[in-house]
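Q: Provide a 3D model corresponding to the input given below.
(one chain, ligands or ions: 2)
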Amino acid sequence: LVSREVQAHNTVVRFGSAAVGGDRFAVIAGPCSVESEQQLLSVAEMVKSHGAMALRGGAYKPRTSPYDFQGLGVEGLKLLKQANDMLDIPTVSEVMDVSQVEKMTQYVDCFQIGARNMQNYGLLKIVGESKKPILLKRGLSATIEELLLAAEYIYDAGNPNIILCERGIRTFETATRNTLDLNAVAYLKQHTHLPVLVDPSHGTGIRELVIPLSRAAAAVGADGIIVESHLNPCEALSDGHQALTAPMFEQLMQELKPFVEAA
Ligand code: PEP
Ligand code: MN
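A: Ligands and ions are numbered 1, 2, ... in the order given. Purely as a prediction, here's the structure:
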């Protein structure tokens, strides 16, 4: 169902005012985690003012250590809804578990399936039955074929609104958090009609590398990027080292202008 052989034209996935897979290079930005009203609203306002199409922010966080910040839960979802209402910006947030799907429906516009859940087939089937667009991230060690088959689960369950996301894979390299697989982007654009995003934040784990890899994403033909940003990264409760500061986000948008504004 997700193959280009079945559908030649590109699928455009829309949620609120956002469209991924169309003429414009999509930029989805925001913090790794929703931390507080002040934190979320200020970063949302900043990314929107520079042209972000949608706001990201996790309320349920898949952390490696159980002792790390796990997200604000429903309180975080309410803050995302508040940002959406006040700033008129659509939102993306991760659903980690089947039990969260129903309650998240009223608060967010697009469900993210995180890398660690790409092969959680029970969850894929449930979000496949929902009406929300799904941003499906590639698993840490998943092949491109496995990513496409995960998308196939969602599509087959009745939901054709799927955005694929290359977010870096595990390799022998340790200098960067992950190895961003740009081959995958070019390959996916040839073999599926679904839109493909790049996540240069998790792909590199280093804020100084986010802008160069965002340029690379645009050059290789990605439909957009999802990037982490924080007004005070040193105090971020998760992924601060890969969050773009406000001046860096502004620079990013400046550099991407020809793609973001393409007709
Ligand atoms: C995230 O987007 O903050 C996240 C946890 O991403 P991933 O699932 O790609 O690690
Ligand atoms: Mn993160």
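
Q: all contacts plus neighbour counts: C-alpha atoms, from now on.
A: Noted.

Q: any idea how many residues pack against residue 70?
A: 18 (other C-alpha atoms under 10 Å).

Q: dump the residue contacts of it.
A: Going by C-alpha atoms under 8 Å, 6 or more residues apart in numbering, residue 70 touches 60, 61, 62, 63.

Q: for ligand 1, see how far away it is.
A: 11 Å (C-alpha to the nearest ligand atom, to the nearest Å).

Q: what about the helices in the stretch 151-263 of the chain?
A: In the stretch 151-263 of the chain, the helices defined using DSSP state H, counting those that start in this stretch lie at 182-191, 200-204, 207-220, 246-260.

Q: on that earlier part again, among the contacts of residue 70, name the buried ones.
A: 60, 61, 62 (16 or more other C-alpha atoms under 10 Å).

Q: could you pull out the helices for the stretch 1-150 of the chain?
A: 37-49, 74-87, 101-105, 121-129, 144-156.

Q: which stretches of the stretch 151-263 of the chain have low pLDDT?
A: For the stretch 151-263 of the chain, residues meeting the criterion pLDDT under 70 lie at 262-263.

Q: quick check, the residue in the chain closest to ligand 1?
A: Relative to ligand 1, the nearest point of the chain is residue 114 (3.3 Å; C-alpha to the nearest ligand atom).

Q: that residue touches residue 137, doesn't it?
A: Yes - judged on C-alpha atoms under 8 Å, residue 114 makes contact with residue 137 at a distance of 5.4 Å.

Q: okay, these two: which has more neighbours?
A: When neighbours are counted by other C-alpha under 10 Å, residue 114 and residue 137 differ, and residue 137 comes out ahead with 27 against 23.

Q: now do the closest residue to that one other than its chain neighbours against residue 88, distance only.
A: Closest residue to residue 137 apart from its sequence neighbours, by C-alpha to C-alpha, 6 or more residues apart in numbering: residue 165 at 4.6 Å. According to C-alpha to C-alpha, to the nearest Å, residue 165 stands 24 Å off from residue 88.

Q: same thing with residue 35?
A: In terms of C-alpha to C-alpha, residue 35 sits 20 Å off from residue 88.

Q: near ligand 1, which residues of the stretch 101-250 of the chain?
A: 114, 115, 116, 137, 167 (C-alpha under 6 Å from any ligand atom).

Q: make a markdown table from the buried ones among the contacts of residue 70 and add distance to residue 247 and pLDDT to it.
A: As requested, the buried ones among the contacts of residue 70 are exported to a markdown table (distance: C-alpha to C-alpha, whole Å; pLDDT from 0 to 100):
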| residue | distance to residue 247 | pLDDT |
| --- | --- | --- |
| 60 | 28 | 98 |
| 61 | 26 | 98 |
| 62 | 28 | 97 |
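
Q: which of those are close to ligand 1?
A: Counting by C-alpha under 6 Å from any ligand atom, the members of those near ligand 1 are residue 62.

Q: and which of the buried ones among the contacts of residue 70 is nearest residue 41?
A: Relative to residue 41, the closest of the buried ones among the contacts of residue 70 is residue 60; by C-alpha to C-alpha it sits at 18.0 Å.

Q: can you pull the contacts of that closest one?
A: Here residue 60 is in contact with 70, 71, 72, 73, 94, 95, 96 (C-alpha under 8 Å, 6+ apart).

Q: again, but for residue 184
A: So residue 184 contacts 144, 166 (C-alpha under 8 Å, 6+ apart).

Q: which of the residues of the stretch 101-250 of the chain next to ligand 1 sit farthest apart?
A: Applying C-alpha to C-alpha across these, the maximum distance is between 116 and 167, 11.4 Å.

Q: neighbour count winner among the two?
A: Under the criterion of other C-alpha under 10 Å, the comparison of residue 116 against residue 167 puts residue 167 first, with 26 against 15.

Q: residue contacts, the more buried one?
A: Contacts of residue 167 (C-alpha under 8 Å, 6+ apart): 115, 137, 138, 178, 180, 181, 198, 199, 200, 201, 202, 203.
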